[in-house]
Every structure is written in C-alpha cells, then in structure tokens.
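1. sequence first, then the predicted structure:
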Amino acid sequence: MKNSRPIIAIVSCHKMVDGQPAQAVYQKYIDAVNFYGGNPILLPNTTADSENFDALLEIADGILLTGSYSNVAPTRYGATHTEAKQDLGRDELSFKLLAYADEKNIPLFAVCRGLQEMNVHFGGTLYPDWRDIDGFYEQHLEDNTQPLEVQYQPYMTSSFNLKEGWQHLVKSGTSTHCTNKPSVR
C-alpha cells in the first residue's frame, strides 16, 4: 500500500562529529519536508555504490538536493583550481540522483549546492568565487541573529518572471559559486 504522504529522499553530506565521520542533513531541510506534508528519508553517500540503488529510490516520490558547506569538485566541470571544501561522496551520490531523476522523470528540488550540482550535471560550469567578479555581489549567508521565518522568507512572489527568477537563484543560491556557463536543456 502506497503511503499517502510523498516520500522525499534527501542527500546527506559527509561531516565530522566529535572527531568521527558522519552523514548529516541540516534539520531545516527535514523540517521543511515534514511541514509541507512529505516523509523525509536520508540517503548516505554510500547509496551511490549500493547494488540496490534503483530499489531504494523506487520508494521515493521526489528528491531534495540540499545546501551544504561544501562545493562541487572542480573536476566535475572541467576546472583546474583547488577547492578546499569538497565532499566527493556527496558529488557521487548527487550526480547519480540527478541522472536517475532525469531518466525516471522524478521530481527534484535543489537548494544552494544542489543548484550547483544540477547546473554542472546538465553541462554548466561554475565560477570558483563570484566575489571576484567585478560589480557582482549579493550577500548569500542568512543572518543567524534573525528568526528562521525572517532568514528564509520567500523571495519570489507569484508575479516573478522565469528569467529574473533564474538569475536570482544563480546569484544567491549557489554559496560562493555562481554559474559561468548555465546549462541549457
């Protein structure tokens, strides 16, 4: 029997907790899925190597690629710079999830690093640090002194146009990276 609440698979990130390696997802993403009526399931990076990858994903009604402290490995988009904050296990899982969602037509929602992953998966590239681009600066990090409903208030209204929405997402939704060559599909 299919659950009446959609199951949303959430990609996890590698972190160190008390000196031990761990897989983690920020609570705000889990809470958002719950709040909007979904059942979150967390996918550790090892899911990418699982013989049961397809079987595990068959139960998912959607996929969430979250934001993270890390960035997509430059080798994924043909760059040669050094990236200090990488999570290669997350890269492996996220890119496999993107291919799966594309092939199976599964809904996928991307936030911040997830937008980087989506852009690169579909052929785009990233600037290593958008703060180095003349005339381009938009604060990305939330003001942690504010309540969550202020930090994460909706930016767009129903009257936004797609081009402006895409530009905003590219500018403010990609951590220290922004799109160099957007993917076209």
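-> Cool, the structure landed.
2. quick one: the strands in this protein?
-> Remark: strands assigned in the chain by DSSP state E are 7-11, 13-17, 20-24, 39-43, 62-65, 108-110, 126-127, 178-179.
3. tell me the buried residues in stretch 47-56?
-> 47-48, 53 (16 or more other C-beta atoms under 10 Å). Glycine gets a C-beta too; all of them are placed from N, C-alpha and C.
4. got these as a markdown table, with distance to S68 and pLDDT columns?
-> What follows is the buried residues of stretch 47-56, written out as a markdown table (distance: C-beta to C-beta, whole Å; pLDDT from 0 to 100):
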| residue | distance to S68 | pLDDT |
| --- | --- | --- |
| T47 | 16 | 95 |
| A48 | 16 | 94 |
| F53 | 21 | 95 |
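5. those into TSV, with extra columns for distance to G37?
-> Below are these laid out as TSV (distance: C-beta to C-beta, whole Å):
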residue	distance to G37
T47	24
A48	28
F53	26
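6. need the strands of the chain in a markdown table (columns: distance to G78, mean neighbour count and mean pLDDT).
-> Listed next are the strands of the chain as a markdown table, based on distance: least, C-beta to C-beta, whole Å; neighbours: other C-beta atoms under 10 Å; pLDDT from 0 to 100:
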| stretch | distance to G78 | mean neighbour count | mean pLDDT |
| --- | --- | --- | --- |
| strand 7-11 | 23 | 23 | 96 |
| strand 13-17 | 24 | 14 | 95 |
| strand 20-24 | 28 | 12 | 96 |
| strand 39-43 | 27 | 17 | 96 |
| strand 62-65 | 21 | 22 | 95 |
| strand 108-110 | 21 | 20 | 93 |
| strand 126-127 | 10 | 22 | 85 |
| strand 178-179 | 14 | 22 | 46 |
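7. can you list the ones you listed in JSON lines and add distance to N144?
-> Formatted as JSON lines, these follow (distance: least, C-beta to C-beta, whole Å):
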{"stretch": "strand 7-11", "distance to N144": "22"}
{"stretch": "strand 13-17", "distance to N144": "18"}
{"stretch": "strand 20-24", "distance to N144": "18"}
{"stretch": "strand 39-43", "distance to N144": "23"}
{"stretch": "strand 62-65", "distance to N144": "22"}
{"stretch": "strand 108-110", "distance to N144": "23"}
{"stretch": "strand 126-127", "distance to N144": "25"}
{"stretch": "strand 178-179", "distance to N144": "23"}
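8. out of these, nearest to R90?
-> Nearest to R90, of all these, is strand 13-17, at 5.3 Å by C-beta to C-beta.
9. and the helices in this protein?
-> Ranges of helices in the chain, per DSSP state H, are 27-35, 53-58, 88-104, 113-121, 148-151, 162-172.
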